[in-house]
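> Make a model of this:
(chains A and B)
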Amino acid sequence: MGCAYHDEHPPFLTPSYLRQSRHVQRLQRAWDAHIAELQENLQLLPPPSGPPSLSTSPSNANLSKMHASHIHRGPVQDVIERIPPVVDDYAVHPLPTRLSADDKCQGLEILADGGEVRFTGSTKQSEEAASVRADHPMPRECGLYYFEITVLSRGKDAFIGVGFSGRKVSLNRLPGWDTDSWAYHGDDGFSFACTANGKAYGPKFATQDTVGCGVNFRTGNAFFTKNGVYLGVAFSGIKSQRLYPSVGMKKPNDHVSINFGRSAFMFDIDRMMEQERQTVMADLTTADLSGLHPPDDAHTLIHNLIGQYLAHEGYIETAKAFASDVNAERQTLPSSSKTPLHLPNAEDDVHAANRQKIRRAILNGDIDKALKFTNCFYPHVLNESRNKDIHFRLRCRKFIEMMRNYTELSAAAAASPPPPSSNGHADGADNGGVDIDASEPIDTQMELDDQLNRESAPPNHPSSTTSPSSSSSDIDMDASQELSPSKASLMAQNELLAQALAYGQELQSTFGSDPRPQIKKQLSDIFAIMAYTNPNESVVGGLMDAKGRVQIAEDLNGAILVSLGKPSSAALEKLSAQTEALLDEAATRTGGAAAFVNVNRDFLRA
Amino acid sequence: MSSSTVSPQTTYSTTMRASGNFDKSVEEMKPSKSDINWLIMDYLVSEGYPGAAEKFAQETNLCPAATVETIRERVKIRTAIHAGKVEEAIELINDADAEILDNDSLLHFQLLQLQLIEIIRGILANNPSSQNIPAQDFLPAIQFATEQLSPRAPTDVNYQRALENTMALMIFQPEKMPQEFRELLDVRLREKVATDVNKAILSARGERAEAKIKQLIRARAWAEVQAREAKADLPAHIPIGLDVADEMNGDAVMT
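Modelled structure (predicted):
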């Protein structure tokens, strides 16, 4: 297992204190997308080695086999080099991950994949030094940025400066001495803000010491830490953009390691981050709501938002109950300032009722009913090309529901004790223990049948003996009444499996030729369910979860709303999205307080 | 160079692009329906809308975070406070969880203060002329204050101040009452106390004291201020989409 390119691409770096950062979460998503893209390209490559027969085989089976097999390292690297990594995109402002191999002074040697730097040159003149910068500037969208260095030099006379500087600052000097550069120097403990005249700031630091440097983009302050101890604000009014973490040194064999968050920090930066967040959240509670939807106060605004959402989404019963609860509350309210609330009435909307029927059917797992309702009430919706994917996913969901029915029936059959008539261990069953001996033959038989079914109808043989299409999912229970319950259940199970299989074949023949990789992937994912005796607890268990119904139900509802000429999202959804977008706008421009707020984490969950 | 190079067309399309860009990024930030459903359930439960919470659970397959009974229990307390029946509310709170008022002396004091205010309000209401209310009419209020509130006052200067202000209600003639005293008689104080009591019960049960949707709408207002201060390129007005007219504007920008 494992993919070769992971050796080349170190895992995405998320410093602990930025785990909840919106910006870093977005970088991570871009990274994941990039990795997925790499994977796709990898699959398209002709196999560099292996039997030549493979490369001439056109079948899907061989393609996936090829993907699973080990691929020679060489071409993989080619692919990586050909596709520029998304995270290097200048616009997305990635995190610093290592010391730059290029943006450094001569005489510096970068070691440990950019995690260490050593001065190999000769002693510099008093005015001269050798500095290196990180690969990326500190993104102010993080709100707070922090890194640490540890001095590894031998001997006591290390001469190190740590801080940050702009791209154009000379690397022949220590950071802090020139315009657009700030640093804390170990030889004297002074801080330098764009000048060679330092100010007494903290203790000296040398070999074995760990020094941290942090910039708070909300306050514009920078601070340092020594061996985990906060040393106070060193600089304020930091406004420049694109400041790179930087470290400089003067003595031969000066040697420093740098930690951009791959390992734990000595200073408790997580706590500082949380305090910053609390400060911002406290400021947020003072926000003036009067401009959002005049003349609503907070109470009324929330009622309007919820009422509109319920009506928009077709939650008719809830909308009714909400209106009645709210009005009951209003009657008890003593203050007369509140005007009676007119919540949108979902009942008037025949579409709301229709949409609710469709949603209910999907949430109950009855995809056929949902398709029937949709085609009856909104015949055009599923035929529109923009809704093709929703239609596809509904049909995939139907397959999943068929497999769920099958699994439930199997589980029920396995759980219920075999009836006395079918075995001679009735006394044993009375002991209260599970009669494994008695149920085993049935299970074995079942598995065997499953296997037979699967082997008799592989997806690439559509003309198998099983029924080619299954428009009805009803099981002929009348026929099985005469048989013993376990036998009947067994037959019902096999019937369900056969129907699911036939439906799967139908799906494959309808969508199998779709060139898009996500379609192929979804198909192979759902067909994989059939391979497991207990899919719920297998790697495909997530697909089987009833929660999957919610998303497709909501997507179909949205598509119907659009077809009715209504906005696909309600005001409450819009308000949430606007909040996120506005926070982004603010954070990208100033890296201020907005960087510390995360809509998903802070407001949309417990 | 010259002003002629900037045609009205350019200006127009630039502004269109700006608002279009913002609308597009809003579109990309859409939360999932299940997140919004969670947000609503959270509100229905914590702010006490039991009927709606029950139906919403049925219609969305969501589990409510609390049973309908516990929500109704809180609603009953809220209703009692809104109606000025503070004594009844205190009993109901003690029925729900006797430790709440034992552990939260400030809340207990606020409830007793409200009870005193309600007694005074009753006396004032019984004397519509309000010119010369016989002093003995105030006796029940004074008795309540000495028995229930004055033992608590010395423990905290804030309590002491609050008690003094409340007692002053009996001294001023209503029409000459200064604003800060008049506020005590404002019925909105009941709503505030009811909200505080609800929060206290929720936190006593280990639940979040404030519904997240309240924070979300504040965050929305706050974020706009932040973005405008940062000189972000935003439409002059960003409607939240509650009004039909807003939607039509939004569509006009999109096309």
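> Can you give me the buried ones in stretch B:173-193?
For stretch B:173-193, a neighbour-count test (16 or more other C-beta atoms under 10 Å in any protein chain shown) marks B:177, B:184-185, B:187, B:189-191, B:193 as buried. The C-beta positions use only the backbone N, C-alpha and C, and glycine is treated the same way.
> May I have the distance across that stretch, first residue to last?
26 Å (C-alpha to C-alpha, to the nearest Å).
> and that stretch, is it in reach of chain A?
Yes - using C-beta under 8 Å from any C-beta of the partner chain, stretch B:173-193 reaches chain A at B:186-188, B:190-191.
> would CSV of the residues you listed with pLDDT and secondary structure be doable?
What follows is those, written out as CSV (pLDDT from 0 to 100; DSSP: H, G, I helix; E, B strand; the rest coil):
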residue, pLDDT, secondary structure
B:186, 86, coil
B:187, 84, coil
B:188, 86, helix
B:190, 92, helix
B:191, 90, helix
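> which one among those residues gets closest to residue A:120?
residue B:191 (72.9 Å; C-beta to C-beta).
> Quick check: that closest one touching residue A:332?
No - applying C-beta atoms under 8 Å, one finds residue B:191 not in contact with residue A:332, separated by 9.9 Å.
> Now do the helices in the stretch 451-600 of chain A.
A:477-481, A:485-511, A:517-528, A:541-544, A:548-563, A:571-590, A:599-603 (DSSP state H, counting those that start in this stretch).
> hey, which of these is tucked in deepest?
Counting by mean count of other C-beta atoms under 10 Å in any protein chain shown, helix A:571-590 has the highest mean neighbour count of those, with a mean of 25.
> Lowest average pLDDT across the helices of the stretch 451-600 of chain A?
Lowest mean pLDDT within these: helix A:477-481, a mean of 47.
> Show me how the record splits chain A into domains.
A:5-92, A:99-279, A:298-348, A:361-419+A:440-563, A:571-603 (automatic domain parsing).
> which of the ones you listed is buried the deepest?
domain A:571-603 (a mean of 25).
> returning to that earlier point: what sits in contact with each of residue B:191 and residue A:332?
Residues touching both residue B:191 and residue A:332 by C-beta atoms under 8 Å, 6 or more residues apart in numbering or on different chains: residue B:82.
> quick one: which of the buried residues of stretch B:173-193 is nearest to chain A?
residue B:187 (3.6 Å; C-beta to the nearest C-beta).
> Low-confidence bits of the stretch 151-255 of chain B, can you list those?
Counting by pLDDT under 70, the ranges of the stretch 151-255 of chain B that qualify are B:174, B:244-255.
> need the helices of the stretch 451-600 of chain A in CSV with distance to chain B, can you?
Listed next are the helices of the stretch 451-600 of chain A as CSV, based on distance: least, C-beta to the nearest C-beta, whole Å:
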stretch, distance to chain B
helix A:477-481, 27
helix A:485-511, 23
helix A:517-528, 18
helix A:541-544, 15
helix A:548-563, 4
helix A:571-590, 4
helix A:599-603, 4
